[in-house]
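> need a structure here:
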Amino acid sequence: MGNGLICQVCGVEAPTRYVEFYQNIGALFMRFRRSIRGNLCKSCIHSKFWTMTSITLAVGWLGLISLIIAPIFIINNLSRYLTVLAMPRVPRGATRPQVNGQVAAQIQPLMPQIALRLQRHENAADIARELAPPGVTPGQVLVYLSMWQRQHAARAGAPAANVSRPDAATLPQPQPILLDSLMTPAKNPQSVFSSNTIGENQR
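As a prediction, this is how the structure comes out:
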């Protein structure tokens, strides 16, 4: 997966890397598995790695299948964690990107060019980095793209609707917003996580 611009856990605009961490809790005849997959900032990677790996180390081996699964999860977590240690830290004062009318007005003229590059399957984060106007962050460009995508989908069934350029006046009110599947593998912060309960006699 490519590097992103918005952390899918905390929502701040910061350098991110795609990671997958797994947690297992063994309960003799059952086990409880949890995972997180997505583009995370360095702070969230650090937090999730230590939390999920520590729990797996402490109680992940209780059960026949868990005795096998827990070391696999720990090795996976450790290997993925080590590969991102050199990534940049979260910038001081980093916040969730927001889009207001002024920001939308600056991005709107770029939409035909952005849409064309997306049709060529170029990475949305790379496009945002290259085309962000002065005073607009790449994260705000991505948030605007997310808004545009939802507006495009909402108008898709309307006859003769012009959806090639989003109307800044009809955009949602400024608020923190996380990017959806246009950029990242998960549609919202909740979908980054998954968990289930499995019997010890099941894989």
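
> Count the neighbours of Leu116 for me.
Leu116 sits with 11 neighbouring residues when counted by other CB atoms under 10 Å. C-betas here are computed from N, CA, C, even on glycine.

> Can you give me the separation between it and Ile127?
Using CB to CB, to the nearest Å, one obtains 10 Å as the distance from Leu116 to Ile127.

> before we move on, which element is Leu116 in?
Secondary structure from DSSP states H and E places Leu116 in helix 111-119.

> Check which helices and strands that helix sits against.
Counting contacts by 3 or more CB pairs under 8 Å, 6 or more residues apart in numbering; DSSP states H and E, helix 111-119 is packed against helix 124-131, helix 138-155.

> Now that helix: buried residues?
Buried positions in helix 111-119, judged by neighbour count with 16 or more other CB atoms under 10 Å: Met111, Ile114, Ala115, Arg117, Leu118.

> go on, stretch 61-75?
Buried residues in stretch 61-75, counted by 16+ other CB under 10 Å: Trp61, Leu62, Gly63, Ile65, Ser66, Ile69, Ala70, Phe73, Ile74.

> tell me the contacts of the last one?
So the one you mean is Ile74. The contact partners of Ile74, taken as CB atoms under 8 Å, 6 or more residues apart in numbering, are Thr53, Thr56, Leu57, Gly60.

> With neighbour count and secondary structure added, can I get those in JSON lines?
JSON lines is the format used below for the contacts of Ile74 (neighbours: other CB atoms under 10 Å; DSSP: H, G, I helix; E, B strand; the rest coil):
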{"residue": "Thr53", "neighbour count": "20", "secondary structure": "helix"}
{"residue": "Thr56", "neighbour count": "26", "secondary structure": "helix"}
{"residue": "Leu57", "neighbour count": "15", "secondary structure": "helix"}
{"residue": "Gly60", "neighbour count": "26", "secondary structure": "coil"}
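
> Who is Arg17 paired with across the strands?
Assessed by DSSP bridges, Arg17 has beta-bridge partners Leu40.

> how does the chain divide into domains?
16-90+187-199, 101-170 (automatic domain parsing).

> export those to a markdown table and tack on distance to Cys10 and mean pLDDT?
Shown next, in a markdown table, are the domains of the chain (distance: least, CB to CB, whole Å; pLDDT from 0 to 100):
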| stretch | distance to Cys10 | mean pLDDT |
| --- | --- | --- |
| domain 16-90+187-199 | 6 | 88 |
| domain 101-170 | 13 | 79 |
